[in-house]
Structures are given as structure tokens and as C-alpha cells.
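Asker: test case, fold it:
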Amino acid sequence: MEHFLPCGRIVEPSFGNGAFLRALPKGADWLEIQKGRDFFKAEGRWDWAVGNPPFSQFRAFLQKALHVTDNVVFIGLAPAWFVRPRQEDMRQARFALVEPCALPIPPDWPQFGIKLTARWARRGWEGGIATPASPRTGPAPPPIPAVWSPAPRPEALAAGLDFVRSMPILTG
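Answerer: You can find the predicted model right below:
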């Protein structure tokens, strides 16, 4: 998560085993329905929602995050962000994708041919989607550096791989 540099009030909406919380700045909030802290019932606002929502509930987590934050970084399969209803949810909430970050799929996971990514969406963003061939355009949203690096820093990539390895493998 160092790649995206979240700051301010941050929430991890699907705590799981705490891998994301360990990678976030001190003081980040966490929620986990199985621990009695349900993101869907939580009240308040955060600057960032950062996490790995269950793939089967991606849209519900995204919808809630769009209402209670200004920045969302979720790990998911690359196509998860481009399903038409999710795009409509983002449009209505005035969010747009800022940047994708490809993550390695752990070697012990099934190799299913779809990229695993962390994607950042921001309320009011109009600068286009940053890619290695098309870096961020226009002024970068503070406090993100104006120069975009097409490759994540090695320590951030290693932390991402450690996090991905800690996730349960999807079944049925």
C-alpha cells in the first residue's frame, strides 16, 4: 500500500487476518463483520478505504466505500472494476480510476490468467487513468508525488506479495 501513500483517516473495511492493517499507517481504523465490526453498519467518513474485500461481495463493499470515503484502493481481479453496474456506481458517486497496480499472483495459487490488481479510485478525479504507457496527467492529487513510477518500489511489491499470500484461496 506504500505505492498509493494513503493518509488522513483510513479504514480497512474487511480486516480478515490483518495483513492490510499492518501495511497501513498507524492509527488506521479496521472493520470486520466476523469480529462484530460491520463495515456496512459503520457510520462516519474516512479519507481512504483500503482493503481486499471478498470477491463475492466486491460491489457491495465498493458501493459503501464510495459513500463514506474520497479514495478507494481495493485488491481484486482486474475485470472487477469494469463490470457495467460497478462503473455506473462509480459514475453516480463521481469517482474515477486514478491508477492500477498489478500484483503478483502467488505461485501456490491457481494460475487463472486474470491479473490481480490494486486499483485506486478517487472522488472527483478527472486526470485519466495512469498506466506505464500513460502516466498520470494533470496535477497529481496531494499528497501523491507528481511523477508517477511505472514500477512499484521493490519493498511495496514485496509487501503486496506477502499480503496476497496471506489471503485464503477462493473456493466454489
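Asker: and the end-to-end length of stretch 105-122?
Answerer: 25 Å (CA to CA, to the nearest Å).
Asker: what mean pLDDT does it get?
Answerer: Computed over stretch 105-122, the mean pLDDT rounds to 82.
Asker: repeat that for stretch 29-47.
Answerer: 93.
Asker: please, which helix or strand holds the closest residue to A118 other than its chain neighbours?
Answerer: Nearest in space to A118, with sequence neighbours left out and distances taken as CB to CB, 6 or more residues apart in numbering, is C101 at 4.6 Å. Any C-beta I mention is one placed from the backbone N, CA and C, and that applies to glycine too. Counting by DSSP states H and E, the element that carries C101 is strand 95-103.
Asker: so the closest residue in space to A78 that isn't next to it in sequence versus P53, what's the distance?
Answerer: Take A78 and drop its neighbours on the chain: the residue closest to it by CB to CB, 6+ apart is K115, 4.1 Å away. Going from K115 to P53 by CB to CB, to the nearest Å gives 17 Å.
Asker: how about A60?
Answerer: From A60 over to P53 the distance is 8 Å, taken as CB to CB.
Asker: over to G8?
Answerer: G8 is 20 Å from P53, by CB to CB.
Asker: pick out whichever of these two has more residues nearby.
Answerer: P53 (22 against 12; other CB atoms under 10 Å).
Asker: the more buried one in helix, strand or coil?
Answerer: coil (DSSP: H, G, I helix; E, B strand; the rest coil).
Asker: confirm for me that it is in contact with V73.
Answerer: No - under the criterion of CB atoms under 8 Å, P53 makes no contact with V73, lying 11.1 Å away.
Asker: hey, where'd the strands end up in the protein?
Answerer: Listed in chain order, the strands of the chain (DSSP state E) span 10-12, 29-30, 48-51, 71-77, 95-103, 116-123.
Asker: determine the set of other helices and strands touching the shortest one.
Answerer: Where contact means 3 or more CB pairs under 8 Å, 6 or more residues apart in numbering; DSSP states H and E, strand 29-30 is packed against strand 10-12.
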